[in-house]
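Novice: With the input below, show me the fold.
(2 chains)
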Amino acid sequence: MPPGIKEMVERYRAELDRGLERREVAARPGEVCVGEIAFTGQGAEYFRIWVVNLLLTLLTAGLYSPWAKVRKARYFRQNTRLDGHVFDYHGNPVAILRGRIVALVLLGAYSWAFQFSKPAGLVTVGVLCVVGPWLLMRAQQFSLSNTSFRGLRFGFDARVGPAYRAALPPLVLWLAPTVAGALASSLGWLAVIPGVAFVLTVPWMHHRIKAYQHRHAAYGDRRFTFTSATPRFYAVYAKGLGLVLLGGILPAVAMVVLVVLLRFLVGPPVSDPTVGPVVAGVLGTALVYVIGWPYLAARLQQVVWTRTRLGDIRFGTEIRPLRLFRLVLANGVLTLVSAGLYWPWAAVALARYRIECVRVEADLPLSALAAGVQRAAVSAAGVGAADVFGFDIGL
Amino acid sequence: MPAFPAVRFDGRSAGAVPVVLRVDGARVVVETPEGAVLEREPLERVAVSEPLAHAPRLVALSSGATVEVPDARGDFEQELRRAGRRVPLAVRLQARWPAVVAALATVVALLGLAYFKGVPIAARWLALLLPPRLEARMGDQVMAALDTYYLGPSHLQPARRARLADRFTRAALTAAPGVTSRLEFRSAGANAVNAFALPGGTIVLLDGLVELAGEDDAILGVLGHELGHVVHKHTTRQVLQSAGLGSLASLLWGDFSGVAASASVAIGTLRYSRDFEREADEFAIAFLRAQSISARPFYGFFVAVQAREARRPRGYFPDFLSGHPPTQERLAHLRRAFE
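Specialist: Residues are numbered from 1 along each chain as shown, chains lettered A, B, ... in the order given. Prediction:
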């Protein structure tokens, strides 16, 4: 090997070793080693990818969208760095296309069936209950087994029994209000019960799905574990609801004052019966999105990650609801003002904050732990099944 | 020949091994720092990740091993191109700002084209293909829901109802032969001055409108307008168009926010709805003319509606947020029909 190269390699190797040493120094008993996490994506760079993705998707009447999705997923994963190494995404666009077509058909059937007739609606709900948990399981498996780090794939234990046990009860609760609404004429006041049950069990459902996802996830041959936290989910949701209500009181008072003032100055208020509910709906959604979502996302991320472990590796997050709130507000306003053009910068800023807040720690350096992690012994059939349909539902 | 210090993962464990990567002719060579060859593979059998400003290149070898190559200065990319590696179209486009700006301009133009031409044309084509039985079924479902929750039986005198129905049926036969339509009388409170067409051809006429309009000729104008919606399959087209706009919007805004997507769909479909109202007005004028009925009473009805609305100020309501064309415009159009 020429001397110049040898020198370069030595320098690089020394750098790697120094990195190891630095972490090993921190590995004295009683101290923890924290994995360095960084997100290196940039708004301007992602903007260019986004525009080209959009153009190709439009030109192909949407057929390119799975390829666009893969390129986006690669951009975000490859710019996520843990302990000096990056993640990668391997999803097969054709599988995603197949999955999207199936999802589109199901979604279309669900939103149209009850308009068509009651029996058609009930049949669709039945079909959703039967295939829903399986789809959720496959979606999770597709997403994880197509994500890699340090040359090893993540994985998901896709067994049918646990999938139905975990996801069927939430699914039934979620669909029940729709069914009750469609049958309202024959049920009378009883029709509100499923709606009430749904609202009361949202935290429980969310926790159940999260626990299922985290308990069945794996990295190489190691399984993730998750400690239940249903009461914490209820507490976070209750506080989130309180914040939204509190945040809603101010604008509501302002509105009432404005309406009274206008009535005094101009005459009777707006009489078009459709305007009131529409304005209230838009304001309500905006409030939930800007106040409720950042709070829930930040607090639940804390609850979930502090209870998740991967062998000797512990997780945590330093995410702050107020910072996330400011970020979401700025992102929302700038995206609306720029007619959507700011969106790539917004997505990058949000990803950077959420990723860089994650803490990964262990009693040994991560690189030392990594050497012991082996590839999972998965049958070829299992991997194949995961690649037939690439469902990506945002759960 | 430049060599690139890199890290190799063998795909069996997560352990990292420092290596050196070279591009030798049309082949990729992975060596240990000591110079022992680990892999030597033709370039075309190797998958290399897209060049990104701050991410290392990931080289996937057919053995299942991955090599992570830091390439902040782009030297490795240059080496790959020199070796004849093809750069995908998307990567070439996004690499240069002028191309990106051109792509953005094309996106805007395509969206405009889809909004003004593509979606309406596709919706009309689909609406004509849709089996009438399906439309009738949907209409019945909506009618049943309306009857359960909002509408009551009509309190008009049976004789008046029969006369209106008879005149409408005869006029519909001449103006739109072969189009199924059915007139239904209902009531919904004194303030409900309205008539509407459902998919499948059912036209619902509310008592409030009959009372305000008074004259049969004015009511026939309104019914002609609704028949116009039926003939042009407006309801079905509206549903299809908002579905089309919905998929466009979710493409654009979907991963930003579902609310933003549905809000832009809601505003976008209003323009379509204004076009449909104009088309239905047009039909109503022809419908009346075929029966030698003057459009003047119909015009009078519009004036009465306007006067009624003026008594109940609606506040400022911008035109682009309205599902109907400006009343002044519609009045002027109608006046031209009888002057």
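
Novice: In the stretch 151-300 of chain A, where is pLDDT below threshold?
Specialist: A:251, A:258-285 (pLDDT under 70).

Novice: how about the strands in the stretch 251-395 of chain A?
Specialist: A:308-310, A:313-317, A:358-362 (DSSP state E, counting those that start in this stretch).

Novice: ranges for the strands of the stretch 101-250 of chain B?
Specialist: Going by DSSP E, counting those that start in this stretch, the stretch 101-250 of chain B shows strands at B:152-153, B:182-187, B:195-197, B:202-206.

Novice: which one of those is the most hemmed in?
Specialist: strand B:202-206 (a mean of 22; mean count of other C-beta atoms under 10 Å in any protein chain shown). Using the backbone N, CA and C atoms, a C-beta is placed for each residue, glycine as well.

Novice: helices and strands around it, which ones?
Specialist: helix B:132-149, strand B:182-187, strand B:195-197, helix B:216-231 (3 or more C-beta pairs under 8 Å, 6 or more residues apart in numbering or on different chains; DSSP states H and E).

Novice: Show me what the third one is packed against.
Specialist: Put plainly, it is strand B:195-197. strand B:202-206, helix B:216-231.

Novice: so what's residue A:193 up against?
Specialist: residue A:180 (C-beta atoms under 8 Å, 6 or more residues apart in numbering or on different chains).

Novice: Pairing partners for residue B:66 in the sheet, please.
Specialist: With DSSP bridges applied, residue B:66 shows beta-bridge pairing to residue B:9, residue B:60.

Novice: which residues touch it?
Specialist: A:88, A:148, A:151, B:8, B:9, B:11, B:58, B:59, B:60.

Novice: make it 6 Å
Specialist: A:151, B:9, B:58, B:60 (C-beta atoms under 6 Å, 6 or more residues apart in numbering or on different chains).

Novice: For the residue in the stretch 1-150 of chain B that chain A sits nearest to, the count of nearby residues, please.
Specialist: Closest contact between the stretch 1-150 of chain B and chain A, by C-beta to the nearest C-beta, is at residue B:9 (2.6 Å). By other C-beta atoms under 10 Å in any protein chain shown, 23 other residues sit near residue B:9.

Novice: if we can go back for a sec, pick the most buried one from the helices and strands packed on strand B:195-197.
Specialist: helix B:216-231 (a mean of 24).

Novice: average pLDDT across that one?
Specialist: Throughout helix B:216-231, pLDDT has a mean value of 90.

Novice: how big is the angle separating that helix from helix B:132-149?
Specialist: 130 degrees (axes from the mean of the first three to the mean of the last three C-alpha atoms, to 10 degrees).

Novice: What is helix B:216-231 packed up against?
Specialist: When contacts are defined as 3 or more C-beta pairs under 6 Å, 6 or more residues apart in numbering or on different chains; DSSP states H and E, helix B:216-231 packs onto strand B:195-197, helix B:258-290, helix B:296-311.

Novice: Can you add distance to residue A:244 and mean pLDDT and give those back as CSV?
Specialist: CSV is the format used below for the helices and strands packed on helix B:216-231 (distance: least, C-beta to C-beta, whole Å; pLDDT from 0 to 100):
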stretch, distance to residue A:244, mean pLDDT
strand B:195-197, 36, 87
helix B:258-290, 15, 81
helix B:296-311, 36, 81
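
Novice: so which helix or strand takes in residue B:20?
Specialist: Secondary structure from DSSP states H and E places residue B:20 in strand B:16-24.

Novice: Now for residue A:192: which residues touch it?
Specialist: Residue A:192 touches nothing, counting by C-beta under 6 Å, 6+ apart.

Novice: which residues sit in contact with the residue nearest to residue B:71 when sequence neighbours are not counted?
Specialist: Closest residue to residue B:71 apart from its sequence neighbours, by C-beta to C-beta, 6 or more residues apart in numbering or on different chains: residue B:57 at 5.1 Å. Residue B:57 sits next to B:48, B:49, B:69, B:71, B:76 when contact means C-beta under 6 Å, 6+ apart.
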